[in-house]
Each structure stands twice: as C-alpha cells, then as structure tokens.
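1. let me see the structure of the following:
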Amino acid sequence: MYGVFNVMSKNNKIIFCALLALFLINQETAKCAFERFGGGARAKSLSGAFTAYADDYNAIIYNPAGLVQCKSAAVSFFYELPFGIKELATTTAALSFPFRYGGGGIMVQQMGNNVYKESRYILSYGKDISDNFFIGASIKFLHLGIKNYGSAGVPGVDAGCIYKISDDLKLGLFASNLNKPRIGRQREEIPGSYAVGISKRILPEVTFNLDLQKQGGYPASIRFGAEMSLLKQLRLRAGFSDNPTTFAGGFGIELKRASIHYSISNHSRLGITNQFSLSLHIK
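-> Residues are numbered from 1 along each chain as shown. Next comes the predicted model:
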C-alpha cells in the first residue's frame, strides 16, 4: 500500500487522505461525512450537548427552535482542524438574528479544499408558540465535490422544539434529515439523527446539559456538558461523550460587542481537535 501511495499524484493523495480519514471517523462513530461539520467552539466544548440549551447561533445546527432565545443579532465565524488533518479543515460563517416573528439563522460551512470539498448551506427559523414552548426548522443544501470525479448535491430538512419547564430547566427535541435525502448516482442515503436533551441551571453561574443522541440503527450516544461563569466576562466549559469516547473543554470571553470561544476535544482513537470561534454582536 505504501508503494502505491508513493506513485499517486498530489491531488489523488489529498483525496485519498481525506477519504481515509472520513472512513476511520465513520468506523468509530457511525456517522456520514456531512455530519462531521458540527457547531461552534461553545457547543463543541460541551461535547455537543446543546439540544435544550440552544441559545445562540449554534441553534442553527443543534436545534433551530432555540433561535428565539438569541438576545441580539450576531455575525459568527469559526475554524476547526479535526484531528490535526489539514485536508479536513472546516470554516464556517453564520448570521443569527431575532425579529418580530421569531428568530432566524443563516449558515455556510465548507470542509476540504479545491480537490475534495464538502459544503453545507442552511436557512433556519425558530418561533415561540407560547412563553415556554418554541419550535423551529431548517432547510439545508448538502454538496460534495471531488476534482476530476464530479459533484453532487441534495436538500435536507431538520426540525426541533424546546419546552421551558421553568427559568432553570428546559427540555429539547431535535431531528435531522427528516426527508431522508439521498446523494450521488448510487443514491446513498444520508442517515437521519435524533436527539433529546435537558438543560438545568443548578446555580446562577452553573448549567448542566445532558443529551441522548441516536442515528439510524446504531447505538445511542450520551453527551454531557457543563458551563460555569466566572466573573462577568469569562466562561469555562467541559464535556464528555461516549460512542466514541471523547473529552472536551474550552472557554469563552464575553465582551460588550464580541465574544471569543476556544474548544479542544480528544477523540479516543483519532486524537485532538482544536476550534476557534468569533461572534460580533449587532445591537
């Protein structure tokens, strides 16, 4: 195999490395390529336990119902380097905004380069049905392109809801790919995923989040995240998930017109992932 790799062209080597990495990830986590994207550093440092929390632009991915909880409009950017593999580098730009009829969100994500690239374009909307019940949905377009091999795209639909039992306790439900999208000539189905979550503020400065996530016929995954506020501007976070076993942590700095977030996670087999996020708040 090593000899074959040596005679590959540079472009084919890039494609090979990207596909091999995705294969290894899929073997460990039983997720399709497009599900590698995920949210920003805040949600990632909570190990994705964000279904019921969902109170910023990350709601676009984890539960669009939470967009009604955004207090101000924000333009956000984040960069992720999964497992230190530059061929899987992911960049994202997002806009989240409250308005008279609920909360809206737009997101563009790209992973890879001009040789192998996955893209996701999302338009989300959340609506408060009552003071304690929110619903939301997203329409997205998934696109995969491989140089000299062609490209393919397919639309997808996500939906979710959040119920506030009290100011300190919330329940959330979320489902992705409800339309069972299929992509490419082989019409490969992109699996749907489902999540139920609970968010509990146990102290004014500490919030615990717990998610149970399920995809297709694969085992469910438990995700846990905790966020603690120190002073007014600093937040510390930690998270854990099984199947695969992953530990995460990070911090956020909240300024008047901007917030900066960092996340680091350690996959049991594939190693460390770093992510940086920046949000500019528009009053």
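2. contacting residues around I272?
-> By Cβ atoms under 8 Å, 6 or more residues apart in numbering, the contact set of I272 is F83, G84, I264, S265, N266. No exception for glycine: its C-beta is placed from N, CA and C like everyone else's.
3. bridged to the last one, which residues?
-> The reference is to N266. With DSSP bridges applied, N266 shows beta-bridge pairing to F247, I272.
4. point out where this structure drops to low pLDDT.
-> 1-37 (pLDDT under 70).
5. what residue lies at the spatial centre of it?
-> Taking Cα atoms, centre = their mean as the criterion, G38 is the residue nearest the geometric centre of the chain, at 2.1 Å.
6. in what helix or strand does that residue lie?
-> Using DSSP states H and E, G38 falls within no helix or strand.
7. between the contacts of I272, which is nearest I135?
-> Distance to I135 across the contacts of I272 (Cβ to Cβ) is lowest for S265, with 30.2 Å.
8. leaving out chain neighbours, which residue sits closest to that closest one?
-> On the basis of Cβ to Cβ, 6 or more residues apart in numbering, the spatially nearest residue to S265 that is not a chain neighbour turns out to be A248, at 3.9 Å.
9. kindly report the same for P82.
-> Once flanking residues are discounted, P82 sits nearest to L88: 4.5 Å by Cβ to Cβ, 6+ apart.
10. and S124, bridged to which residues?
-> Checking S124 by DSSP bridges, which sets the bridge assignment, gives partners G105, S138.
11. my read is that it contacts G136, right?
-> Yes: in this structure S124 lies within contact range of G136 using Cβ atoms under 8 Å: 6.5 Å.
12. shared neighbours of those two, anything?
-> Once Cβ under 8 Å, 6+ apart is applied, the residues that S124 and G136 both contact turn out to be A59, P64, L67.
13. for the longest strand belonging to the chain, buried residues please.
-> Secondary structure of the chain read by DSSP state E shows that its longest strand is strand 150-166. Burial within strand 150-166, assessed by neighbour count using 16 or more other Cβ atoms under 10 Å, is assigned to A152, V154, G156, V157, D158, A159, G160, C161, I162, Y163, K164.
14. over to stretch 63-71?
-> With burial defined by 16+ other Cβ under 10 Å, the residues of stretch 63-71 counted as buried are N63, P64, A65, G66, L67, V68, Q69, C70.
15. closest one of those to G217?
-> Nearest to G217 among these: N63, at 23.1 Å, using Cβ to Cβ.
16. list phi and psi for that closest one.
-> N63 adopts backbone torsions of phi -180, psi 100, taken as degrees, to the nearest 10.
17. now for it: which residues touch it?
-> 50-52, 54, 136, 160-162, 172-174, 195, 197.
18. what about those residues, which are in helices?
-> Among these, the subset assigned to helices under DSSP state H is empty.
19. just the buried ones out of the residues you listed, please.
-> 50-52, 54, 136, 160-162, 172-174, 195, 197.
20. redo those residues as TSV? Include distance to F224.
-> Shown next, in TSV, are these (distance: Cβ to Cβ, whole Å):
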residue	distance to F224
F50	11
T51	12
A52	12
A54	16
G136	23
G160	19
C161	21
I162	19
G172	15
L173	18
F174	17
A195	13
G197	10
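21. nearest to L142 among those?
-> Within the set of the buried ones among the contacts of N63, F174 lies nearest L142; the separation is 17.4 Å, counting by Cβ to Cβ.
22. any idea what the closest one is bridged to?
-> G160, A195.
23. who are the contact partners of S138?
-> When contacts are counted by Cβ under 8 Å, 6+ apart, S138 is found next to I60, P64, G105, I122, L123, S124, Y125, V157, D158, A159.
24. of these, which is the nearest to D242?
-> For D242, the closest of those turns out to be D158, at 23.5 Å, with distances computed as Cβ to Cβ.
25. and that closest one, how far is that from C70?
-> D158 sits 17 Å away from C70, taking Cβ to Cβ, to the nearest Å as the criterion.
26. ok, L210 next?
-> Per Cβ to Cβ, L210 is found 22 Å from C70.
27. R235 too?
-> With distances defined as Cβ to Cβ, the gap from R235 to C70 amounts to 17 Å.
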